[in-house]
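Trainee: Here is my input, please return the structure:
(chains A and B)
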Amino acid sequence: MSIWEFANPRRFVHLTDTLLPWTTAGTVLLMGVGLVWGFFFTPDDYAQGSTVKIIFLHVPSAMLAINIWFMMLVTSLVWLVRRHHVSALAAKAAAPIGVTMTLIALFTGAIWGEPMWGTYWAWDPRLTSFMILFVFYLGYIALWAAIEDPDTAADLTSILCIVGSVFAFLSRYAVMFWNQGLHQGASLSLDKADHVANVFYIPLVISIAGFILFFITLVLLRTRSEIHARRISALLARERQG
Amino acid sequence: MIALMKRDLQLALRSGGGFGLSLAFFLIVVMFVPFGVGPESAVLARIAPGILWIGALLSCLLSLDRIFQLDYEDGSLDLLATAPLPLEGIVAMKAVAHWLTTGLPLTVAAPVLGFLLNLPVEGYLWVFLSLAAGTPALSFLGTFGAAITVGLKRGGLLLSLLVLPLYIPTLIFGAQSVTRVVEGQSNSTAFAILAAISLFTFALIPFAAARALRVNIR
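Mentor: Numbering: from 1, shown residues only, chains lettered A, B, ... in the order given. So this is what the prediction gives:
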């Protein structure tokens, strides 16, 4: 039993059928608990007042925005090396979620930034990196949409994703070189002691777990519908041939 | 390889487009900036390095879709792909030819246009040097974008959307290596990284572009 067995679309669809109810329930539970706890049952911050509560949307979406790109990079590599269609379709399915998460992170950041920094937008390295990530996502999605043949599209978007990753990474260091930051350090870290206070930490972790499950649910769902769509077009093509 | 480059250069020169077109575009972009931001020479001097870099970058973009499109349409790309020369070498030669017809003229013209924007005296040498070091990276990355979009009917707009994000690091370090000098700081870090990006693209982009071409002509 290896993970590659699920590269078979039929097995994958079967897997999603068993997994989806669980991930959906988990999403509702964790996101619900995390967000409700975060919004209503945490104290106001001594300096930021109630605006601190946007962290429960901002941090998970920002984390996902970056990690979804990584996931697309991995699935693209798997497609190029092992030619499993499910892998390519998962990358395709993840991209629009990634771009939405990037937008949520940018918007919640702007809403928080106005009362706290006195500006919706500043050309801070982190903010700029997210803007850059956003255009990389746009290019990737546009390329998927532009090519008709699915295998060609999967190949070309995978190559773009790999080259894009290198340059997105470079851009991150370029903007750090280019301007000084306004954004605070990481809210969470595994190896350092300085992160947000525990009253915010626990609901934040729950909310992040909820967002991750939400992403998994959506990717499984979207990949499955891509597989179904592929199958339908294959059936139609067979029908036309006679 | 040399023969292929000669052919590409001749095609670019004799079709009367490439060479002059991007230079004229560069001139117009630079000319438009004072119209947009006003003619105060202090303001222009401050933004001149950035404008010259952005202008050169956009002019470079203009001729990218011609790199493979014509060869793809008349079938010579298929012949090139089956030639004994590896496709990576062909891609590299295409990029070099593109640089010779676009990047090099832009680099030479930029200091002259810097004069129009009231570029401070210290900046001229570095505008020239930074563009000389950075525009090859633009050509190589552009060749990659052209290789990806070659099979598409309306690839032009998509090409810009794909290639422009890849240009961000080159633009930042290129413009920084001029502005830092103008502001009296050391630009060695920016210039070294700019050169590193160029060398990196020479070494690796031909492989990615050749891979994309193989997908498109299979």
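Trainee: so what secondary structure elements neighbour the lowest-mean-pLDDT helix or strand in chain B?
Mentor: Every helix and strand of chain B was ranked by mean pLDDT, DSSP states H and E. The lowest is helix B:2-14, at a mean of 73. Judged by 3 or more Cβ pairs under 8 Å, 6 or more residues apart in numbering or on different chains; DSSP states H and E, helix B:2-14 is in contact with helix B:18-37, helix B:87-98. For glycine as for every other residue, the C-beta is placed from the backbone atoms N, C-alpha and C.
Trainee: need those helices in JSON lines with distance to chain A, mean neighbour count and mean pLDDT, can you?
Mentor: As requested, the helices and strands packed on helix B:2-14 are exported to JSON lines (distance: least, Cβ to the nearest Cβ, whole Å; neighbours: other Cβ atoms under 10 Å in any protein chain shown; pLDDT from 0 to 100):
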{"stretch": "helix B:18-37", "distance to chain A": "18", "mean neighbour count": "16", "mean pLDDT": "86"}
{"stretch": "helix B:87-98", "distance to chain A": "13", "mean neighbour count": "23", "mean pLDDT": "90"}
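Trainee: closest one to B:Asn216 among these?
Mentor: helix B:87-98 (11.1 Å; Cβ to Cβ).
Trainee: which residues touch the closest one?
Mentor: Under the contact criterion Cβ atoms under 8 Å, 6 or more residues apart in numbering or on different chains, helix B:87-98 has outside partners B:1, B:4-5, B:8-9, B:12, B:63-64, B:67-68, B:80-81, B:83, B:136, B:139-140, B:142-143, B:147, B:202, B:205-207, B:209-210, B:213-214.
Trainee: Return a PyMOL selection command for the buried portion of those residues.
Mentor: To isolate the buried ones among the contacts of helix B:87-98 in PyMOL, judged by 16 or more other Cβ atoms under 10 Å in any protein chain shown, type:
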select buried, chain B and resi 4+5+8+9+12+63+64+67+68+80+81+136+139+140+142+143+147+202+205+206+207+209+210+213
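Trainee: Chain A contacts on chain B?
Mentor: Counting by Cβ under 8 Å from any Cβ of the partner chain, chain B comes close to chain A at B:141, B:144, B:148-149, B:151-152, B:155, B:158, B:161-162, B:164-166, B:168-169, B:172-173, B:176, B:189-190, B:193, B:197, B:205, B:208, B:211-212, B:215-216.
Trainee: out of these, which are buried?
Mentor: Buried members of the residues of chain B next to chain A, scored by 16+ other Cβ under 10 Å, are B:141, B:144, B:148-149, B:151-152, B:155, B:158, B:161-162, B:164-166, B:168-169, B:172-173, B:176, B:190, B:193, B:197, B:205, B:208, B:211-212, B:215-216.
Trainee: Give me the subset of those lying in strands.
Mentor: Among those, the subset assigned to strands under DSSP state E is empty.
Trainee: in chain B, what spans have low per-residue confidence?
Mentor: For chain B, applying pLDDT under 70 flags the ranges B:12-19.
Trainee: for it, what spans make up the helices?
Mentor: Ranges of helices in chain B, per DSSP state H, are B:2-14, B:18-37, B:41-62, B:66-73, B:76-82, B:87-98, B:104-116, B:123-149, B:155-182, B:188-217.
Trainee: send the alpha carbons of stretch B:53-70 over as PDB?
Mentor: Extracted in PDB, the C-alpha atoms of stretch B:53-70 (Å, rounded to 0.1, in the frame of the first residue of the first chain):
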ATOM      1  CA  TRP B  53      14.700  50.500 -16.300                       C
ATOM      2  CA  ILE B  54      10.900  50.100 -16.600                       C
ATOM      3  CA  GLY B  55      11.100  51.600 -20.100                       C
ATOM      4  CA  ALA B  56      13.800  49.200 -21.200                       C
ATOM      5  CA  LEU B  57      11.900  46.300 -19.600                       C
ATOM      6  CA  LEU B  58       8.600  47.100 -21.400                       C
ATOM      7  CA  SER B  59      10.400  47.700 -24.700                       C
ATOM      8  CA  CYS B  60      12.000  44.300 -24.300                       C
ATOM      9  CA  LEU B  61       8.600  42.700 -23.800                       C
ATOM     10  CA  LEU B  62       7.400  44.100 -27.100                       C
ATOM     11  CA  SER B  63       9.300  41.900 -29.400                       C
ATOM     12  CA  LEU B  64       9.200  38.700 -27.300                       C
ATOM     13  CA  ASP B  65       6.300  37.000 -29.100                       C
ATOM     14  CA  ARG B  66       8.300  37.100 -32.400                       C
ATOM     15  CA  ILE B  67      11.000  34.900 -31.000                       C
ATOM     16  CA  PHE B  68       9.400  31.600 -31.900                       C
ATOM     17  CA  GLN B  69       6.000  32.600 -33.400                       C
ATOM     18  CA  LEU B  70       7.100  32.900 -37.000                       C
END
